[in-house]
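Engineer: just the structure for this:
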Amino acid sequence: MLKSLLKFLAPPVFPDDEDKTRKARYANVITIVFGLAALGFETATRIVRGYTDFRVLDFVMLALVVAMSLGLVMLRRGYVNLTSSMLVVVLWATSNALAASGFGIRDTSFIINFPIILMAGLLLGWQAAGAMTILTILSGFSLAIAEQQGLIRSPSYSVISFAADMMYVFGVNAVLIYLLITGLENEIKRSKASFKELERVNLNLNQAQADLQKRNAELIQRGLELEIANEQVRRRAAQFEALSQVSHAITGIRELETLLPTIANAISERFGFYHVGIFMLDEAGEYAVLLAANSEGGKRMLERKHRLRVGEQGIVGAVAASGLPRIALDVGKDAVFFNNPDLPETRSEMALPLKRGERIIGVLDIQSKEKNAFTEQDVQTLSLLAEQVSLAIENARLFDENRRALAEYETISRKSTREAWARLPKRLNIIGYHYKPGVVSPLRSPIELTESVAGNGAGSQTETNQVVVPIELRGERIGTLVVQSPVGQRWDADQLDLIKAVAERVALSAENARLFEETTARAEREQLVSEITGKIRSHNDPQAMIQTAINELRKALGATRVEIIPQTVRGNDQHKA
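Structural biologist: Residues are numbered from 1 along each chain as shown. Alright, predicted model coming up:
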């Protein structure tokens, strides 16, 4: 029973709200104190004054006890602010009711109102304390006026009861004031702790702010670095795109005279360079000769056949000698290289070697109007461009060599074909063949052709219905196909095309037959030579070997006389047979 009562009287706790718990603790103590005070006041009054019946004072005290009990229940339900407001209002109303009813002392009620004002401030805040102060002043003036008008009566009891009442009132006030002072001390301690915590939090915030500023500075630096990196990536991407465009522009160009100017113009347009020049080494490797340029100054240099001595003049000469890329800026010792009246706006220059394998064949010279326009990354990217240019130049050179070799081969082949077919009629003693239905016979005399037909070989018909088509092989005319139509018949276009196709087949077939005949004859000669050699080697006697060689040559050639004449070489007495 006692444990249950103590548990009921214990102040409620709200874990999630410390301020609410504090107010509930103070309200709980005040409720219990005033409840017990009301019971004690009622009991003491009845004993001292000897009351045996119920009066107004008894009902006021019982109402106060009921209100305090209700406040305890409301606190347990969590209505802390509502209970605090009820306590302030009920205690103020009770104090003034007692004074107005003649059962209390007006001055005593004023004394009770003072801790009520403090209690209002402690539980409800300074606004409630101010409101209770104003309300207490107004109620005091009202009581004074009512007493003066005789509306309320002053208490008339003995000195002993008055002393008891005073002791009781001051005892209750002392408890309230003690509670209030304790609460204020706790608030001060809590405020100090909060202030220290605030200082600690402030220090942490300052440290966090310093860390944040440092982190922000690092982020700004990282952002700048990232922006620089992004700019470099964008620049390299643009360079690679330009590299692809240049490679596409020069792809398919085989003539060196066209390729080099195209390369210079394409690099200048795609990369935005002021001047691009292509130098090639001469055959002796002593000079780098300018062969292509895009700028106006470069074109003037081309007109006067500008060249630089390898290893001695400018960064072009230095790169031509070392085979290593080099950058010249508009500062230091490299600035002297820019003293070129044809290119007065140059502020940065890069020279890249052009190589065929490990051999240096030239230099790619790039100049810009901007200071410090080139970096090491640009060297890497543009070195790829130099490799593409070297490859394109090499391909053009190989194509030119192949073209010249092919032209020489075609010339030799045409000459060989022309000479071989020129010898054939004399060797065979035949000028051609004549075909009639069922009969093929050799021609003994040339066929007479009109000059127009014989000259152009276009395959057109003559007035005598003759169609003449040249028989051509490797661009050389080796014969003529003459087709005579019956009298009155004209050849249509399909028939003429058929005659031309037959002429082409005749050329190929005749050439194959000639080559087969030459191959067969060559094989027979080789076999005959081998047989003669074998017979000669069958003798060990030089005289017998010479005699065998003479007999076999006379037999193979059908000669009537074969002689071997020794030749004397004066000065060393050596003989050659």
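Engineer: packing partners of the one helix or strand P353 maps to?
Structural biologist: Using DSSP states H and E, P353 maps to strand 348-356. Helices and strands touching strand 348-356, by 3 or more CB pairs under 8 Å, 6 or more residues apart in numbering; DSSP states H and E, are helix 314-322, strand 326-328, strand 359-368, helix 376-428. All C-beta atoms are positioned from the backbone trio N, CA, C, and that covers glycine.
Engineer: tell me which residues of the third one are tucked away?
Structural biologist: For strand 359-368, burial by neighbour count (16 or more other CB atoms under 10 Å) applies to I360, I361, G362, V363, L364, D365, I366, Q367, S368.
Engineer: nearest to L212 among the helices and strands packed on strand 348-356 would be which one?
Structural biologist: helix 376-428 (35.0 Å; CB to CB).
Engineer: now that closest one and strand 348-356, what's the angle there?
Structural biologist: Angle, helix 376-428 to strand 348-356, by axes from the mean of the first three to the mean of the last three CA atoms, to 10 degrees: 30 degrees.
Engineer: please renumber so the chain begins at 58
Structural biologist: Sure thing, new numbering starts at 58, so read that last one as helix 433-485.
Engineer: so how far is helix 433-485 off the chain centroid?
Structural biologist: The chain centre lies 43 Å from the centre of helix 433-485; the measure is CA atoms, centre = their mean, to the nearest Å.
Engineer: what packs against that helix?
Structural biologist: helix 216-307, helix 313-328, strand 405-413, strand 416-425, strand 533-541, helix 550-594.
Engineer: for these, which one sits closest to I335?
Structural biologist: helix 313-328 (5.2 Å).
Engineer: so what touches the closest one?
Structural biologist: 296, 299-300, 302-303, 306-307, 310, 330-335, 348-352, 355, 423, 442, 446, 449-450, 453-454, 457 (CB atoms under 8 Å, 6 or more residues apart in numbering).
Engineer: just the buried residues from the residues you listed, in PyMOL please.
Structural biologist: For the buried members of the contacts of helix 313-328, the matching PyMOL selection, counting by 16+ other CB under 10 Å, is:
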select buried, resi 296+299+300+303+306+307+310+330+331+332+333+334+335+348+349+350+351+352+355+423+442+446+449+450+453
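Engineer: let's have the buried residues of strand 416-425 in CSV, adding distance to A267 and pLDDT.
Structural biologist: Listed next are these as CSV, based on distance: CB to CB, whole Å; pLDDT from 0 to 100:
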residue, distance to A267, pLDDT
I417, 60, 89
I418, 63, 89
G419, 61, 91
V420, 57, 92
L421, 54, 91
D422, 54, 91
I423, 50, 89
Q424, 51, 90
S425, 45, 88
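Engineer: any idea which of the residues you listed is closest to R531?
Structural biologist: Closest to R531, out of all of those and judged by CB to CB, is I418, at 35.5 Å.
Engineer: and for the closest one, nearest residue in space, chain neighbours not counted?
Structural biologist: Closest residue in space to I418, ignoring its immediate chain neighbours: L411 at 5.3 Å, by CB to CB, 6 or more residues apart in numbering.
Engineer: now do D422
Structural biologist: Nearest non-adjacent residue to D422, counting by CB to CB, 6+ apart: G334, 4.1 Å away.
Engineer: pull the helix or strand with minimum mean pLDDT from the protein.
Structural biologist: helix 508-513 (a mean of 40; mean pLDDT, DSSP states H and E).
Engineer: ok, then the element right after it?
Structural biologist: Following helix 508-513 in sequence, per DSSP H and E, is strand 523-530.
Engineer: can you state the direction angle for that following strand and helix 433-485?
Structural biologist: With the same axes, to 10 degrees applied, the angle from strand 523-530 to helix 433-485 works out at 120 degrees.
Engineer: against which helices or strands is strand 523-530 packed?
Structural biologist: Using 3+ CB pairs under 8 Å, 6+ apart, strand 523-530 sits against helix 508-513, strand 533-541, helix 550-594.
Engineer: out of the ones you listed, nearest to E433?
Structural biologist: strand 533-541 (60.6 Å).
Engineer: tell me the most buried of the helices and strands packed on strand 523-530?
Structural biologist: Counting by mean count of other CB atoms under 10 Å, strand 533-541 has the highest mean neighbour count of those, with a mean of 17.
Engineer: that one pairs with which strands, parallel or anti?
Structural biologist: strand 523-530 (antiparallel) (DSSP bridges).
Engineer: ok now the strand it pairs with, how far from the chain's centre?
Structural biologist: 67 Å.
Engineer: then it to PDB, C-alphas only?
Structural biologist: Output in PDB follows, covering the C-alpha atoms of strand 523-530 (Å, rounded to 0.1, in the frame of the first residue of the first chain):
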ATOM      1  CA  GLN A 523      34.400  -5.000-144.700                       C
ATOM      2  CA  VAL A 524      34.900  -4.800-140.900                       C
ATOM      3  CA  VAL A 525      38.500  -4.200-139.700                       C
ATOM      4  CA  VAL A 526      39.300  -4.700-136.000                       C
ATOM      5  CA  PRO A 527      42.900  -4.300-134.600                       C
ATOM      6  CA  ILE A 528      44.300  -7.200-132.700                       C
ATOM      7  CA  GLU A 529      46.100  -5.600-129.700                       C
ATOM      8  CA  LEU A 530      48.200  -7.000-127.000                       C
END
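Engineer: how big is the angle separating that strand from helix 550-594?
Structural biologist: Going by the same axes, to 10 degrees, strand 523-530 makes 40 degrees with helix 550-594.
Engineer: for I335, give me the backbone phi and psi.
Structural biologist: phi -120, psi 120 (degrees, to the nearest 10).
Engineer: quick check: the gap between it and V526.
Structural biologist: 51 Å (CB to CB, to the nearest Å).
Engineer: list the buried residues of stretch 67-86.
Structural biologist: Applying 16+ other CB under 10 Å to stretch 67-86 flags P68, P69, R79, K80, A81, R82, Y83, A84, N85, V86 as buried.
Engineer: these into JSON lines, with extra columns for secondary structure?
Structural biologist: As requested, those are exported to JSON lines (DSSP: H, G, I helix; E, B strand; the rest coil):
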{"residue": "P68", "secondary structure": "coil"}
{"residue": "P69", "secondary structure": "coil"}
{"residue": "R79", "secondary structure": "helix"}
{"residue": "K80", "secondary structure": "helix"}
{"residue": "A81", "secondary structure": "helix"}
{"residue": "R82", "secondary structure": "helix"}
{"residue": "Y83", "secondary structure": "helix"}
{"residue": "A84", "secondary structure": "helix"}
{"residue": "N85", "secondary structure": "helix"}
{"residue": "V86", "secondary structure": "helix"}
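Engineer: can you tell me which of those residues is closest to L359?
Structural biologist: R79 (97.1 Å).
Engineer: A349: helix or strand, and which one exactly?
Structural biologist: strand 344-350.
Engineer: by contact count, what packs against that strand?
Structural biologist: Short answer (3+ CB pairs under 8 Å, 6+ apart): strand 344-350 packs on helix 313-328, strand 332-338, helix 353-360, strand 364-366, helix 371-379.
Engineer: nearest to A462, of the ones you listed?
Structural biologist: Across the helices and strands packed on strand 344-350, A462 has its closest neighbour in helix 313-328 (15.8 Å, CB to CB).
Engineer: alpha carbons of that closest one, as CSV, please.
Structural biologist: Provided in CSV are the C-alpha atoms of helix 313-328 (Å, rounded to 0.1, in the frame of the first residue of the first chain):
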residue,chain,number,x,y,z
LEU,A,313,53.9,13.6,-103.3
GLU,A,314,53.6,17.0,-105.0
THR,A,315,49.9,17.1,-103.9
LEU,A,316,50.3,15.3,-100.6
LEU,A,317,52.8,17.7,-98.9
PRO,A,318,50.8,20.9,-99.4
THR,A,319,47.6,19.1,-98.4
ILE,A,320,49.2,18.0,-95.2
ALA,A,321,50.4,21.5,-94.3
ASN,A,322,47.1,23.1,-95.0
ALA,A,323,45.1,20.4,-93.2
ILE,A,324,47.2,20.6,-90.0
SER,A,325,47.0,24.4,-90.0
GLU,A,326,43.2,24.4,-90.5
ARG,A,327,42.4,21.6,-88.0
PHE,A,328,44.8,22.6,-85.2
